[in-house]
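Asker: Just need the structure, nothing else, for what follows:
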Amino acid sequence: MGLLLLCGCASSSIPIPAAWQTVPQAALVGDYCAHVSCAAKPQTAIHVVENRIFNGAKGLTPPFAAIDSFDVSLDRKEVVFSARRKDNFDIGLVSMDGSDIHWVPEDPADETDVQWAPRGNKVSFVLHTLTGSIVRTVHIPTATPLSVDFPQTQIDALAWEPQAERYAVVVESPQTSQSLQEMTYAGEKRREVIPPAARLDVSIEPIGGLLVMRPNDLHYGEKLPIVLWLDPHPFAWSDARAALMRNARVAIAIGPAVAPSFWHEAVRVAWIDASRGFIVSPAAHQPNYMGAPVITADPSIPAGRYRQTGNTVSAPPAVVQSFAAAWIADDLKGTPPPNGRR
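Answerer: Prediction:
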């Protein structure tokens, strides 16, 4: 398929060039409450021990597989929490004095980062869906939900202002680093408080269940090498992916896993050259449907070194992403358009 063929035998480790061990880091938002008004949280004896919620020494819930977050309303004397019961996180309510648990109508997606609005008997939480994030606010007495969609994004934090008319979110996406946005709880009158420190001039579209990112300025008849970048957080910003997009003309498919259907769809996309591909994977043992080079992490490799074995290129976990971005860009420095030097 015209892909890079590596030596079929194990080789000794090779020095990693210093420039391949780091990439430029986009600034994070940091203390967002220094830029927006955040409601104070009450001090209580509510705490979590071994995935179970307690009020002092009194257990309020049974143990769960995991607890993501909780918050307390002193006015309602209730605790709202996000817990993994089976396969995903759901939102539950329990009295501070102990009671049966009442579950908010559940969603197939994980529901996390739950908190009470400072007034108005509302709780908010974040849904992590296949298409991005959703902030859902539920009026508890009536169970009335209100959803605000943030497509193709990851929400990292949410904070209510004291009057509970507005909230702020820290949000990022594959094409923009963290930013701080503020809006009404209905999602209206949005304003960008802190813009993203880094932004890519790219287009993103779903193909075969993955997000595929490509340059906006696609040339007539151009076909781009495809990089399959496996990531459990596909809607997050990545400094390493940004470095690769800036240094090579590629398409990057992002997702937690890949199925054969992705390749079936990718080969039909006019601007994708599926015969020239790379896979960046946390684990080497991934389905490799096209015999592409796999760049992966190996903790047994000494710092500052990498190893090539067959079509697997391994680097220490601490630098594998920056290494992958540089290694792929370097390999594509061949006959233009980038056909690879081998």
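Asker: contacts, neighbours, all on C-alpha from now
Answerer: Noted.
Asker: which residues does residue 181 bridge with?
Answerer: residue 169, residue 192 (DSSP bridges).
Asker: Quick check: it touching residue 194?
Answerer: Yes: with contact defined as Cα atoms under 8 Å, residue 181 and residue 194 form a contacting pair (7.0 Å).
Asker: which residues in the stretch 201-342 of the chain form helices?
Answerer: Using DSSP state H, counting those that start in this stretch, the helices of the stretch 201-342 of the chain run over 239-247, 260-266, 320-331.
Asker: Highest mean neighbour count out of the ones you listed?
Answerer: Most buried of the helices of the stretch 201-342 of the chain by mean neighbour count (mean count of other Cα atoms under 10 Å) is helix 320-331; its value is a mean of 23.
Asker: and it, what does it pack onto?
Answerer: helix 239-247, strand 272-281, strand 294-297 (3 or more Cα pairs under 8 Å, 6 or more residues apart in numbering; DSSP states H and E).
Asker: then it to CSV, C-alphas only?
Answerer: Taking C-alpha atoms only, helix 320-331 is exported to CSV below (Å, rounded to 0.1, in the frame of the first residue of the first chain):
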residue,chain,number,x,y,z
VAL,A,320,5.2,9.4,23.1
GLN,A,321,2.7,12.0,21.8
SER,A,322,5.3,14.7,21.0
PHE,A,323,7.5,12.0,19.5
ALA,A,324,4.7,10.7,17.4
ALA,A,325,3.9,14.2,16.0
ALA,A,326,7.6,14.8,15.1
TRP,A,327,8.3,11.3,13.8
ILE,A,328,5.3,11.4,11.4
ALA,A,329,6.1,14.9,10.2
ASP,A,330,9.7,13.8,9.6
ASP,A,331,8.7,10.7,7.7
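Asker: Residue 174 contacts residue 234, correct?
Answerer: Yes: the pair residue 174 / residue 234 is scored as a contact, 7.4 Å apart, by Cα under 8 Å.
Asker: Tell me which of residue 181 and residue 194 has more neighbours.
Answerer: residue 181 (19 against 16; other Cα atoms under 10 Å).
Asker: Next, work out how far apart that one and residue 150 are.
Answerer: Distance, residue 181 to residue 150, using Cα to Cα, to the nearest Å: 11 Å.
Asker: Throw the helices of the stretch 201-342 of the chain into CSV and include mean pLDDT, thanks.
Answerer: Putting the helices of the stretch 201-342 of the chain into CSV (pLDDT from 0 to 100) gives the following:
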stretch, mean pLDDT
helix 239-247, 97
helix 260-266, 86
helix 320-331, 96
